[in-house]
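Participant: starting from these lines, generate the structure:
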Amino acid sequence: MPITSDQARQAVEAAQRRASTIGIRVTVAVVDEGGYLILLSRMDGAPALSPELAEAKAAGAAVMGRPGDVLADNFEKRPGFFTAASALSRRPLVPGLGSVLVMAAGRLIGAIGVSGGRPEQDLEAATAGLEAIQGL
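Facilitator: Okay, the predicted model is just below:
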């Protein structure tokens, strides 16, 4: 079963709380295992492009089955493949810190993407969202 809307809401709230704690304004996107958007929430004052980036980070992680840092490494090693995969997906794939996979019983059920801070801050917020629903 994919991540539920209630779980997505919990993840978004936790990620935004962490973002507030570290002094940034972000957008958080939660997608299902196919990269389809479940919930998108932009904090007041988050950068204008952050909704598109957060969703692309989450969708890329979900459809590739890899968190953002691994996608960035794959992009460096195989840019041609990554570019082709990005062109074939519903949304562009954005590699880099700020996206995490949501797993349940060893199975991918979704992903969380965050955009608005520095890459390590985005990852910190995304990880807080994941931790809020970790006991899936």
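Participant: show me what the lengthiest strand in the chain is packed against.
Facilitator: In the chain, with assignment by DSSP state E, the single longest strand is strand 107-115. Secondary-structure packing of strand 107-115 (3 or more CB pairs under 8 Å, 6 or more residues apart in numbering; DSSP states H and E): helix 5-21, strand 27-32, helix 50-64, strand 99-104, helix 119-132. (C-beta placed from N, C-alpha, C; glycine too.)
Participant: among those, which is the most enclosed?
Facilitator: Sort the helices and strands packed on strand 107-115 by mean neighbour count, taking mean count of other CB atoms under 10 Å, and strand 27-32 sits at the top with a mean of 30.
Participant: give me the helices and strands touching the helix or strand just after that one, please.
Facilitator: Sequence order places strand 37-42 as the next helix or strand after strand 27-32, per DSSP states H and E. In terms of contacts (3+ CB pairs under 8 Å, 6+ apart), strand 37-42 is packed against helix 5-21, strand 27-32, helix 50-64.
Participant: show me which residues of the worst-scoring helix or strand of the chain on mean pLDDT are buried.
Facilitator: Counting by mean pLDDT, DSSP states H and E, the chain has its least confident helix or strand at helix 79-88, which shows a mean of 83. Neighbour counts over helix 79-88 (16 or more other CB atoms under 10 Å) mark Phe82, Ala85, Ser86 as buried.
Participant: need the residues you listed in CSV with distance to Val12, can you?
Facilitator: Converted to CSV, the buried residues of helix 79-88 look like this (distance: CB to CB, whole Å):
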residue, distance to Val12
Phe82, 27
Ala85, 27
Ser86, 25
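Participant: nearest residue to the middle of this protein?
Facilitator: The centre of the chain sits closest to Gly113, judged by CA atoms, centre = their mean, with a distance of 1.6 Å.
Participant: many thanks, have a good one.
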